[in-house]
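Undergrad: Sequence first, then the predicted structure, then my questions.
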Amino acid sequence: MASEGKEKPEVVGIKQENIIRVRKGKHDQIVLVLRVVAFLATATATIVMGLNKETKTLVVGAIGSNPITATLQAKFQQTPAFLFFVIANALASVHNLVMLALEIFGGKLDCKGFRLVIITILDMVILAMVAAGASSAAFMAELGKNGNSHAKWNKICHKFERFCHQGGGALIPSFIALILLLLISAISIIKLHNQKLTTTHHATTP
């Protein structure tokens, strides 16, 4: 009599498995959208910074009343932090593009259950790279704008305004992508946890 109000273990297990499947479907849709936006953000950051250069003719001295001018060029390749920023965001763009292709066309490529583990690890590696690239580029951008009086480093943004503005514009989509990649990594970890629960349930079900 006491067991009439209780569901059978098989029924409970099926309900739990169905809930996990529904959650997995929602997570897949969310990740798909996040990856598309993250790809667009990192690609934008890569292109904007990759095309960032400015040439100006500046007065560097004078002989009597005759000014001495020099033509100088500011390019992102001249700063290792900006170069790493471009490489990190480009790799993130390629990563998200490949992951999108796998989500859409590679449903059968599971690699014996290791697919989600590999994707989760790659997501965290790309997240770390974009975070490092964006942080180092932001530091150099702040240094170029304000200089450092203690180290006697002069600011340059008052001379190369367009270069600095374009570089700052590249930082915005990169930090947006960083937030999206953080969400993607969190969801990947949740999916990995749910997969473990499903595997454990199948292993313990007679």
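TA: Structure's in. What do you need?

Undergrad: what distance separates the longest helix seen in the chain from the middle of the whole chain?
TA: Of all the segments of type helix in the chain, defined by DSSP state H, the longest one is helix 161-204. A distance of 7 Å separates the centroid of the chain from that of helix 161-204, by Cα atoms, centre = their mean, to the nearest Å.

Undergrad: Report the mean confidence score over that helix.
TA: Regarding helix 161-204, the rounded mean pLDDT is 82.

Undergrad: ranges for the helices of this structure?
TA: Under DSSP H, the chain gives helices at 9-50, 80-105, 115-146, 161-204.

Undergrad: Give me the distance from the third one to the chain's centre.
TA: On the basis of Cα atoms, centre = their mean, helix 115-146 is displaced by 6 Å from the centre of the chain it belongs to.

Undergrad: Same question for the shortest one.
TA: Between the centre of helix 80-105 and the centre of its chain there are 8 Å (Cα atoms, centre = their mean).

Undergrad: list the helices and strands it packs on?
TA: helix 9-50, helix 115-146, helix 161-204 (3 or more Cβ pairs under 8 Å, 6 or more residues apart in numbering; DSSP states H and E). From N, CA and C alone the C-beta is placed, and that goes for glycine too.

Undergrad: by how many degrees do that helix and helix 161-204 diverge?
TA: Computed by axes from the mean of the first three to the mean of the last three Cα atoms, to 10 degrees, the angle separating helix 80-105 from helix 161-204 equals 40 degrees.

Undergrad: how far off helix 115-146 does helix 80-105 point, in degrees?
TA: Going by the same axes, to 10 degrees, helix 80-105 makes 150 degrees with helix 115-146.

Undergrad: Please apply the same query to the last one.
TA: On the basis of the same axes, to 10 degrees, helix 161-204 is oriented at 160 degrees to helix 115-146.

Undergrad: how deep is the residue nearest to A70 when sequence neighbours are not counted tucked in, by neighbour count?
TA: Nearest residue to A70 in three dimensions, chain neighbours excluded: V60, at 4.8 Å (Cβ to Cβ, 6 or more residues apart in numbering). Neighbourhood size, V60 [other Cβ atoms under 10 Å]: 10.

Undergrad: try K56
TA: By other Cβ under 10 Å, the residues close to K56 number 15.

Undergrad: isn't it right up against T69?
TA: No - when contacts are counted by Cβ atoms under 8 Å, K56 is not listed as touching T69 (10.0 Å).

Undergrad: Correct me if wrong: A41 contacts L181.
TA: No - with contact defined as Cβ under 8 Å, A41 does not reach L181; the gap is 9.2 Å.
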